[in-house]
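# coords please:
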Amino acid sequence: MIEKNMIEPDVKCIEEIRKLGGDSLKNCYQCATCSTVCNLAPAANPFPRKEMIWAQWGLKDKLLADPDVWLCHQCNDCSTHCPRGAKPGDVLAAIRKYVFEKIAFPGFMGKLVGSPSAFPLLFLIPVVLLLAVLAATGHLNIPEGDVIYSHFLPIGTLQYFFMTGTFYAFIIFVISMSLFWKALNRKSANLIHQENKQSFIPALFAASSISLESARVMASGFSQKTCFPSDIASSTMGL
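Here you go, the predicted structure:
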């Protein structure tokens with residue numbers, strides 16, 4: 001008996017991806033042209049066809065656990081050849097932004113970093129914090145007499161500020177990477193085969209090797225795979 005899987009679309013996920021730049025995703029009709037022309041898509045599990053339908057259905061968990069979106073380097077060959085103007089390259093970029101926002105810690109930082117309009121605010125935050133530290137330590141005023149930098153901004157205060165900031169940034173990085181790694185390791189038979197799972201360090205070396213090989217292949221001007229829509233029709237849906 002065929003096992004039935006109930007799919008519950010996440011409308012909020014769909015709308016967020018469209019707002020992040022994937023507004024053309026509904027144009028896709030699953031012809032697999034994008035997966036065929038992509039030189040970086042693994043032949044056994046090509047993209048971005050499956051990501052397009054997951055985004056159309058708002059399958060948030062599958063998108064968060066999908067490592068393939070990070071293989072794309074935005075060459076836009078898929079968008080150039082798409083007969084429907086679905087712009088898979090832009091949709092993949094929107095998915096990466098979406099994933100980044102969801103795994104970032106704290107959450108608001110992911111939204112700020114992913115929004116160019118928020119860059120002035122990001123630069124303003126450390127300035128405000130530094131001024132607050134100076135005010136709290138009584139060094140906000142400009143001292144009289146010779147200009148001596150350490151009189152205005154004591155070296156101890158400066159070191160404390162930047163050491164605290166560096167430690168905070170490191171903690172954020174570790175927590176965010178931990179959330180990202182947990183998302184990639186979620187149990188999903190369609191995405192990550194159990195026998196191929198690795199710990200972080202071996203996987204990092206393997207990914208680096210694949211990235212270097214992909215760069216070499218792209219530089220040579222040759223495709224690293226030859227496949228056709230009929231070859232990948234059954235492997236790219238992953239529903």
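
# Can you list the helices and strands that the helix or strand hosting Tyr98 packs against?
Using DSSP states H and E, Tyr98 sits within helix 88-103. Contacts defined by 3 or more CB pairs under 8 Å, 6 or more residues apart in numbering; DSSP states H and E place helix 88-103 against helix 11-17, helix 49-57, helix 60-64, helix 77-81, helix 107-113, helix 155-184. To be clear about C-beta, it is placed using only N, CA and C from the backbone, and glycine gets the same treatment.

# Just want the angle from that helix to helix 155-184.
120 degrees (axes from the mean of the first three to the mean of the last three CA atoms, to 10 degrees).

# residues of helix 88-103 that come out buried?
Buried residues in helix 88-103, counted by 16 or more other CB atoms under 10 Å: 88-103.

# Relative to Thr137, how far out is the residue in the chain sticking out farthest from the centre?
Taking CA atoms, centre = their mean, the residue of the chain most remote from its mean C-alpha position is Gly145, at 51.6 Å. Going from Gly145 to Thr137 by CB to CB, to the nearest Å gives 19 Å.

# do Asn27 as well
58 Å.

# Show me the domain layout of the chain.
In terms of domains, the chain is parsed into 11-103+211-232, 108-179 (source: automatic domain parsing).

# Pick the most deeply packed of the ones you listed.
domain 11-103+211-232 (a mean of 18; mean count of other CB atoms under 10 Å).

# For Leu134, grab phi and psi.
phi -60, psi -40 (degrees, to the nearest 10).

# Now it: closest residue in space that isn't a chain neighbour?
Leu140 (4.6 Å; CB to CB, 6 or more residues apart in numbering).

# Regarding that neighbour, what is its secondary structure?
coil (DSSP: H, G, I helix; E, B strand; the rest coil).

# Between the helices and strands packed on helix 88-103, which one is closest to Ser208.
Ser208 lies closest, by CB to CB, to one member of these: helix 155-184, at 15.4 Å.

# Nearest spatial neighbour of the residue sitting nearest the centre point of the chain, chain-adjacent residues omitted?
Relative to the mean C-alpha position of the chain, the nearest C-alpha, by CA atoms, centre = their mean, is the one of Arg96, at 3.5 Å. With CB to CB, 6+ apart as the criterion, Arg96 has its nearest non-adjacent residue at 5.5 Å, and that residue is Val69.

# does that neighbour sit in a helix, a strand or a coil?
helix.

# Identify the residues contacting it.
For Val69, the contact set (CB atoms under 8 Å, 6 or more residues apart in numbering) comprises Phe47, Pro48, Glu51, Leu63, Leu92, Ile95, Arg96, Val99.

# give me every residue that touches the third one.
Contacts here follow CB under 8 Å, 6+ apart; on that basis Glu51 touches Leu63, Asp66, Asp68, Val69, Pro88, Val91, Leu92, Ile95.

# related to what we said a few turns ago, state the pLDDT value of the residue nearest to Leu134.
If you check Leu140, the pLDDT there is 77.

# do Gly114 as well
pLDDT, Gly114: 75.

# ok, so what distance separates it from Arg96?
9 Å.

# Verify the stated contact: Leu153 with His139.
Yes - proximity of Leu153 to His139 meets the contact threshold set by CB atoms under 8 Å, at 6.7 Å.
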